[in-house]
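S.K.: just coords:
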DNA sequence: ATCTATCTAGATCTAAAGGTTTAGATTGAC
DNA sequence: GTCAATCTAAACCTTTAGATCTAGATAGAT
């Protein structure tokens, strides 16, 4: 791995099972002074060994590969622990695909239908260590992202079906300790009350949460986002 | 909810405890034909009731408020279930703050130091239902996002410190039932073994996970991503 | 002033959980 | 063939956990 870094060109590997398309991209990039395509790969396995060998600066990864899907390919590249940055490339602006690609570490995402200037622009940005997402895709990403987070939270939402809302402050405190695996005796000590009082509280908690034992109570609490609620409470 | 939408102006509420700053923004926005600031709010509580009453199209929310922090404010707005879209506004480009704001549903994020043209641009984008994040902040967001996801995964990773790896298949099965709140008797029935056998397994589990009771075992399992593992196992 | 909710705590009981030891049966490894 | 790991299960015991009933103290509401 010799490195003669005097204004070395940014080295790119193109991964696309469509040879014509890969060649097109290659020529397009080679027109630029700052970039050189050092290899093409027609499938993910070849790509992985090439990346391991040459450690390119950037990989342009087609997401519609026959054998292994693009997402898996990207996460395999991430596992190699090389400095290579991946730009995903597809024909569709599927929000889920964009989200998952960015989630596992893609530094950019562009559509094949986009102008070639945009491809070069993406390379420029990513080569500088930035992330590149065209505005259209960025919007899609955030829509998906926010829905995703909303669903995560929905389990924890404050209203209607959440039996945690019927708990008193003291009961919440007790439940908080239960969710840390503390025993009756432990809770009693921490709250400076007697063990029988703790038992009373715990029994009331069971009634309100409609469960039979502490394990179920803890599971209910976790599923309904009790931990989040706790953090808020402490912050206030 | 009457809607007489004949090119009605986009209605904006500005939330900022600094009166001068809020006024500045107000005037700036009112210069535009398409927007009108219908109210200012100096604190979050006032803002919330104004938003509930007027249901503006956009809220410009300063994130550095004295009483309640901006993140809480935004999530309170989201809870109102109005169509209002929030653009966050701060002096700092703190990645964590940007990430959390977008996570809970902000549709845009801009810095006070940015040119006023950018503010209008943000309004335009958000008014159209898009998400607006300046490139600089977008990069910050993605850096944070990708690190965040990496950490999430680390908790569930298969290697080293995870005591779950020492469990035998049978013990994993038993633990799986414990994490559903099943009792000894229940586990015995489901696995067609005697209750004492279950106890033996559970005791071994406690030893291996270095815990004292089922609640702690369940909590350990959940924290170490045992549920994910289960899903995989069922899928196979 | 009375009523209701909440927090406290006692007594008493049963059921469940957990600890320890021992041991038979099976399987795969060396 | 022996060894180690695993799954099974008994006996015996101690400790928690959970259920129920009763009841005093306090605070807020009507």
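M.R.: Great, that's in hand. Note that the coordinates shown come from a computational prediction; the quantities given were computed from them, not determined experimentally. Residues are numbered from 1 along each chain as shown, chains lettered A, B, ... in the order given.

S.K.: Residue numbers of chain A in contact with DNA strand C?
M.R.: A:168-171, A:191, A:193-197, A:199-201, A:213 (CB under 7 Å from any atom of the strand). Backbone N, C-alpha and C define where each C-beta goes, glycine included.

S.K.: I'd like to know which of these are buried.
M.R.: Of all those considered here, the ones buried according to neighbour count by 16 or more other CB atoms under 10 Å in any protein chain shown are A:171, A:191, A:201.

S.K.: Farthest-apart pair in the residues of chain A next to DNA strand C, please.
M.R.: Of all pairs drawn from these, the one with the longest distance (CB to CB) is A:169 and A:213, at 22.7 Å.

S.K.: any idea how far residue A:96 is from residue A:117?
M.R.: Counting by CB to CB, to the nearest Å, the gap from residue A:117 to residue A:96 is 27 Å.

S.K.: what are the ranges of the strands in chain A?
M.R.: Under the criterion DSSP state E, chain A carries strands at the ranges A:10-15, A:35-41, A:58-62, A:85-90, A:108-111.

S.K.: okay, those strands, which one's buried deepest?
M.R.: The highest mean neighbour count among the strands of chain A belongs to strand A:58-62 (a mean of 25), with neighbours defined as mean count of other CB atoms under 10 Å in any protein chain shown.

S.K.: Work out the sheet partners of it and label each with its direction, please.
M.R.: For strand A:58-62, the pairing partners within the sheet under DSSP bridges are strand A:10-15 (parallel), strand A:85-90 (parallel).

S.K.: hmm, who's touching the first one?
M.R.: Contacts with strand A:10-15, where a contact means CB atoms under 8 Å, 6 or more residues apart in numbering or on different chains, come from A:22, A:25-26, A:29, A:34-42, A:44, A:47, A:50-51, A:54, A:56-62, A:65, A:73, A:123, A:127.

S.K.: swap in stretch A:185-205?
M.R.: With CB under 8 Å, 6+ apart as the test, stretch A:185-205 has contacts from A:167, A:170, A:171, A:173, A:174, A:175, A:177, A:178, A:182, A:184, A:214, A:217.

S.K.: What's the per-residue pLDDT of residue A:154 here?
M.R.: For residue A:154, the pLDDT comes out at 56.

S.K.: residues contacting the most centrally placed residue in chain A?
M.R.: The geometric centre of chain A, computed from its C-alpha atoms, lies nearest to residue A:103 (CA atoms, centre = their mean), at 3.1 Å. Applying CB under 8 Å, 6+ apart to residue A:103 gives the contacts B:145, B:146, B:149.

S.K.: Identify the residue spatially nearest to residue A:23, adjacent ones excluded.
M.R.: Excluding the flanking residues, the one nearest residue A:23 by CB to CB, 6 or more residues apart in numbering or on different chains is residue A:40, at 7.3 Å.

S.K.: Kindly report the same for residue A:33.
M.R.: Spatial nearest neighbour of residue A:33, excluding adjacent residues (CB to CB, 6+ apart): residue A:9 at 7.7 Å.

S.K.: what's the burial count for that neighbour?
M.R.: For residue A:9, the neighbour count with other CB atoms under 10 Å in any protein chain shown is 14.

S.K.: my guess is it meets residue A:38, correct?
M.R.: No - using CB atoms under 8 Å, residue A:9 is not in contact with residue A:38, being 9.1 Å away.

S.K.: what's the domain layout of chain A?
M.R.: Chain A breaks down into these structural domains: A:10-146, A:162-231 (assignment by automatic domain parsing).

S.K.: ok, now how distant is residue A:133 from chain B?
M.R.: Residue A:133 sits 7 Å away from chain B when distances are taken as CB to the nearest CB, to the nearest Å.

S.K.: what's the answer for residue A:119, then?
M.R.: Here the criterion is CB to the nearest CB. By it, residue A:119 lies 17 Å from chain B.

S.K.: My understanding was that that residue contacts residue A:110; is that so?
M.R.: Yes - taking contacts as CB under 8 Å, residue A:119 lies within contact range of residue A:110: 6.2 Å.

S.K.: got the end-to-end distance for stretch A:80-88?
M.R.: According to CA to CA, to the nearest Å, stretch A:80-88 extends 17 Å from its N-terminal end residue to its C-terminal end residue.

S.K.: gap between that stretch and the chain center?
M.R.: Computed by CA atoms, centre = their mean, to the nearest Å, the chain-centroid distance of stretch A:80-88 equals 16 Å.

S.K.: what residues does it touch?
M.R.: Stretch A:80-88 is contacted from outside by A:48, A:51-52, A:55-61, A:63, A:70, A:74, A:77-78, A:98, A:101, A:105-110, A:122-123, A:126-127, A:132, using CB under 8 Å, 6+ apart.

S.K.: Of the residues you listed, select the buried ones using a PyMOL command.
M.R.: To isolate the buried subset of those in PyMOL, counting by 16+ other CB under 10 Å, use the following:
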select buried, chain A and resi 48+51+56+57+58+59+60+61+63+70+74+77+78+98+101+105+106+107+108+109+110+122+123+126+127+132
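
S.K.: Give the closest residue to residue A:54 in space, chain neighbours not counted.
M.R.: Computed as CB to CB, 6+ apart, the closest residue to residue A:54 that is not its neighbour in sequence is residue A:38, at 5.9 Å.

S.K.: Let's see the pLDDT reported for that neighbour.
M.R.: Reading off the per-residue confidence, residue A:38 sits at a pLDDT of 93.

S.K.: Against residue A:112, how distant is it?
M.R.: As it turns out, when the distance is counted by CB to CB, residue A:38 lies 21 Å from residue A:112.

S.K.: likewise residue A:203?
M.R.: Using CB to CB, which is the criterion applied here, residue A:203 is 63 Å from residue A:112.

S.K.: can you check residue A:29 too?
M.R.: Separation of residue A:29 from residue A:112 (CB to CB): 14 Å.

S.K.: try residue A:99
M.R.: For residue A:99, the distance to residue A:112 under the criterion CB to CB works out to 19 Å.

S.K.: still on that earlier bit, turn the residues of chain A next to DNA strand C into CSV, including pLDDT.
M.R.: Conversion of these to CSV gives the following (pLDDT from 0 to 100):
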residue, pLDDT
A:168, 86
A:169, 84
A:170, 87
A:171, 88
A:191, 87
A:193, 91
A:194, 89
A:195, 87
A:196, 90
A:197, 91
A:199, 91
A:200, 90
A:201, 90
A:213, 91
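
S.K.: Going by distance to DNA strand D, which of the residues you listed wins?
M.R.: Sorting the residues of chain A next to DNA strand C by how near they are to DNA strand D, with CB to the nearest atom of the strand, puts residue A:213 at the top with 2.9 Å.
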